[in-house]
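Engineer: Just need the structure, nothing else, for what follows:
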Amino acid sequence: MAGAAGAGSKGLYIDEIFNATVFHGDSNSDRAISTGLDMSGEGGLILGKKRNGVKDWYSTSTDTAANVTLKPNTTAAQATNTEIFKSFTSTGFTIGSNGDINGDGSDYKTYSWRKAPGFFDCVVYTGNSTNRSIAHSLGSTPCMVWIKAKDSTLGWFVWHKGVGNATDNQYDYQVRLDQATSQISGLSSIWHQNPTSTHFSVGTNGGCNADGTSFVAYLFADNVEEFGKDGDASVAKAGVYTGAGDSNTSAQSIDLGWTPQFVLIKNITDNNNYSDWVVFDAQSQQSMSTHDIGNRSYWNKLSDDDAEVSTKKLGFYNNGFHIHKYLERFVNTANKKFIYYAVRKVDGVVGKPLDDGRNAFHVTGGTGGSGWPDKPYFHNQRSWNTPANYGWPVASAWVKKITSGVQDWYNSGRSLATYGFTGINTDDKCENLSYMSFDFKDGFGQNGNWNTDYIGFLFREHKGFSEQVYFGTGSSQTVKHYLGVKPEIIFTKQIDQDSRDWICYHKGMSASQYGLVNENTSSVVSSDASCFGSGDPFTDTTFTVNTSNHTNESGKKYWCQLWASVPSISKCGTYTGSSSTFDLSLGFQPRFMWVKNITDDEKGWMIFNTVGGWFYNGVHNDYEGNKVLSLNNNGDYSTPAAYASGGHNYPVCWPISTGVRFSGSEQFYGNLNSNGKTFLYYAHV
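Structural biologist: Sure, this is the predicted structure:
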């Protein structure tokens, strides 16, 4: 641990102190951007950039009024512009109508750091041209410091713990934020001494300490294990690595110990156009791409005004970031030194716990583009969301056509970005599907065909759900996950090639069993530990994959989804069929449930949801409220046979206030309630 955080940071969640968001401009003045960060009360820093045009970056921080801005890619002095950033709020900030930040028809991104001990601090001081130490409130030793003269055209000077080398004093080195230049040594007049947990030091150089000049310093911490649900997790990391090369065999992975949502990288060896600061984030489309062939990741230069760029660069995986094996000189030139700073994604360990299940999962019909591009095709924004009707970022989505004919399922997640699977019901590999877009803060998708004939099941990252990519080794390995609790269900699928099944583990099985999600044949194979191992290979931090090519082939990549029960929100479990009426207690009334018979062969994965038609209205012989989809096939909605009793027909199951009521039927092919059979289920409020 880099140092103990100061008072007030322990137990803070990452979504309370950092936010990356994207939005579509509308030219409205005084527009609220909700990030969930208390900027007016706690203070912090905001960076903003037009994505689809050549425009400067803008920054503002709470040491001044919001409308006083700097430009991190230039040396310009601070300036007042009432239509860029307008105010700081308790839930984010407001912006004006200026086209650099909110032009109608353009796309934008912002990054926000809230002040918090162990994470970020902002200090203003007046230069005096003498060696000096200046107090900060970070509570730990900074990993990175940015300094800018506010009222002059002096540049942005950066100290980073990765500069220099093992035998040098790092304060002898500096890099520039506003220039594509290498690190420069012999400049102890800039920093004077390395920073400590209480102070940072500046020398006599005017760039950081000109007499009478007002300066702002932004200080970033890393490796402080004071955050999250147990107050013992880190949320940021800075470091250094050496480029592996420019050939097609030189990919490498940087181990952070968690999945990032934001990564900033700079080549500090070269002094050319490949020495820009480059930034990647999980919110911008495709920036979590994981493929080495044919994929893209969207990124920006922080030290330039260029529009967002789409090339093969890097992807985020379960334990860090993965640099592609292509000619990517900005991030991987052979034998060059790169420094980085990364922020952890919202997950079940460091993400704020949810108290409303509607903020964790959503079922919605497609819009066919209504409101596009301001709104995604499957939108989870609702009036009960606060603040300001703010939705939530979708981590994973299942999509299915529900009317008139057959069509495969679609399944994807942020770790796959615009890649995805055309069919949980098939064994096909991951494909490039440009419409599988997670480039929204409150929904998913941009396929013009996704109208009301389609339904979307949208999952949010929290302690009840997670999605991630991991790399196969061919031998038994433990894979880190970030649910924060023991996974009760895992779906995993190889990304790289066809003929690899969707494999399911459920807590109702033994570890040596698994289900084939894309099949309804013999779905449980006992006495075969090749997929997940034997014993109890699942913990609240890891799961085990064994030697099967379906879960752990050497050199291949896998995408997995993990679920766990959360009281009053979701539940994973089993029940035994009885062929008579009974109530399954969940502790809530579900909107969604899937059920799987694991005793009998040739039984499908049955999905019910209240949006698509799952209810009982008390009217005998009216059982249209039992429309069902099958996860393992491409059919549309069907209505299963009803339970007949006393001359009346009843639905085979329906939601009630405490769970699900099953009718006493052996019908519907034994899929739901056959006597003595074992059924797996997952249900969500």
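
Engineer: residue contacts, Lys161?
Structural biologist: By C-beta atoms under 8 Å, 6 or more residues apart in numbering, the residues touching Lys161 are Pro142, Cys143, Met144, Gln170, Ala238, Gly239. C-betas here are computed from N, CA, C, even on glycine.

Engineer: thought the last one was touching Pro260?
Structural biologist: Translated: Gly239. No - using C-beta atoms under 8 Å, Gly239 makes no contact with Pro260, being 11.9 Å away.

Engineer: Would you mind telling me which of the two has more residues around it?
Structural biologist: In this view Gly239 and Pro260 are compared by other C-beta atoms under 10 Å, and Pro260 has more residues nearby, 25 against 18.

Engineer: Got the phi and psi for the more buried one?
Structural biologist: In terms of degrees, to the nearest 10, the main-chain angles of Pro260 are phi -80, psi 160.

Engineer: so it bridges to which residues?
Structural biologist: Residues in a beta bridge with Pro260, per DSSP bridges, are Arg344.

Engineer: so what's it up against?
Structural biologist: With contact set as C-beta under 8 Å, 6+ apart, Pro260 has these partners: Ala282, Phe316, Gly320, Phe321, Ala342, Val343, Arg344, Lys345.

Engineer: 6 Å - rerun?
Structural biologist: Shown in contact with Pro260 (C-beta atoms under 6 Å, 6 or more residues apart in numbering): Phe316, Phe321, Ala342.

Engineer: Is the second one within a helix or a strand, and which one?
Structural biologist: Same thing as Phe321. Using DSSP states H and E, Phe321 falls within strand 320-323.

Engineer: Need the CA coordinates for that strand. CSV is fine.
Structural biologist: What follows is strand 320-323, C-alpha atoms only, in CSV (Å, rounded to 0.1, in the frame of the first residue of the first chain):
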residue,chain,number,x,y,z
GLY,A,320,-5.6,-5.0,-16.4
PHE,A,321,-5.1,-3.8,-20.0
HIS,A,322,-3.9,-5.7,-23.0
ILE,A,323,-1.9,-4.1,-25.8
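
Engineer: other SSEs contacting it?
Structural biologist: If contacts are counted by 3 or more C-beta pairs under 6 Å, 6 or more residues apart in numbering; DSSP states H and E, strand 320-323 sits against strand 252-255, strand 314-317.

Engineer: hmm, who's touching that strand?
Structural biologist: In this structure, residues lying in contact with strand 320-323 by C-beta under 6 Å, 6+ apart are Gln252, Ser253, Ile254, Asp255, Leu256, Pro260, Val263, Leu314, Gly315, Val331, Asn332.

Engineer: so what pLDDT did the fourth one get?
Structural biologist: For Asp255, the pLDDT comes out at 96.

Engineer: Could you find the closest non-adjacent residue to it?
Structural biologist: Gly320 (4.8 Å; C-beta to C-beta, 6 or more residues apart in numbering).

Engineer: Look up how far Phe471 lies from the one you found.
Structural biologist: Noted for Gly320: a distance of 11 Å to Phe471, by C-beta to C-beta, to the nearest Å.

Engineer: Can you report how many residues lie near the residue nearest to Asp255?
Structural biologist: By other C-beta under 10 Å, 20 other residues sit near Gly320.

Engineer: cool, His620 as well?
Structural biologist: For His620, the neighbour count with other C-beta under 10 Å is 12.

Engineer: quick thing: my sequence starts at 364, can you match it?
Structural biologist: Sure, I'll start numbering at 364, so the last one becomes His983.

Engineer: how about stretch 484-499: buried residues?
Structural biologist: Within stretch 484-499, the residues that qualify as buried are Asp484, Cys485, Val486, Tyr488, Gly490, Arg495, Ile497, His499, counting by 16 or more other C-beta atoms under 10 Å.

Engineer: That one - what's its average pLDDT?
Structural biologist: Predicted confidence along stretch 484-499 averages 97 (mean pLDDT).

Engineer: CA atoms of that stretch as CSV?
Structural biologist: Extracted in CSV, the C-alpha atoms of stretch 484-499 (Å, rounded to 0.1, in the frame of the first residue of the first chain):
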residue,chain,number,x,y,z
ASP,A,484,-6.5,16.6,-4.5
CYS,A,485,-6.2,20.1,-5.9
VAL,A,486,-4.0,22.8,-4.5
VAL,A,487,-3.6,26.5,-5.5
TYR,A,488,-0.5,28.4,-4.5
THR,A,489,1.4,31.6,-5.5
GLY,A,490,4.9,31.3,-6.8
ASN,A,491,7.9,32.8,-5.0
SER,A,492,10.9,31.6,-7.0
THR,A,493,12.5,29.8,-4.0
ASN,A,494,12.8,26.1,-3.2
ARG,A,495,9.7,25.2,-1.2
SER,A,496,7.4,22.4,0.0
ILE,A,497,3.7,22.9,-0.3
ALA,A,498,1.1,21.0,1.8
HIS,A,499,-1.5,18.8,0.2
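
Engineer: So what touches it?
Structural biologist: Contacts of stretch 484-499 (C-beta under 6 Å, 6+ apart): 424, 426, 478, 500-501, 555, 562-564, 566-567, 572-574, 576-582.

Engineer: which non-adjacent residue is nearest Gly918?
Structural biologist: What sits nearest to Gly918 in space, not counting adjacent residues and going by C-beta to C-beta, 6+ apart, is Gly835, at 6.6 Å.

Engineer: List the contacts of Asp393.
Structural biologist: Contact partners of Asp393, counting by C-beta under 6 Å, 6+ apart, are Lys449, Thr457.

Engineer: Now do the same for it: its pLDDT.
Structural biologist: The score at Asp393 is 93. That number is its pLDDT.

Engineer: Also Phe578?
Structural biologist: For Phe578, the model assigns a pLDDT of 98.

Engineer: still on that earlier bit, mark which of the contacts of Lys524 are part of strands, please.
Structural biologist: Secondary structure from DSSP state E places Met507, Ala601, Gly602 of those in strands.

Engineer: What is the burial count for the closest residue to the second one other than its chain neighbours?
Structural biologist: Spelled out, it's Ala601. Once flanking residues are discounted, Ala601 sits nearest to Cys506: 3.7 Å by C-beta to C-beta, 6+ apart. Using other C-beta under 10 Å, Cys506 is surrounded by 24 other residues.

Engineer: ok, Gly407 to Asp419 distance?
Structural biologist: Note on Gly407: its distance to Asp419, by C-beta to C-beta, is 20 Å.

Engineer: which stretches of the stretch 864-1013 of the chain have low pLDDT?
Structural biologist: By pLDDT under 70, the low-scoring segments of the stretch 864-1013 of the chain are 874-875, 882-890, 986.

Engineer: what about 90?
Structural biologist: The model of the stretch 864-1013 of the chain has pLDDT under 90 over residues 864-868, 871-901, 918, 941-943, 959-969, 975-976, 978-990, 993-1013.
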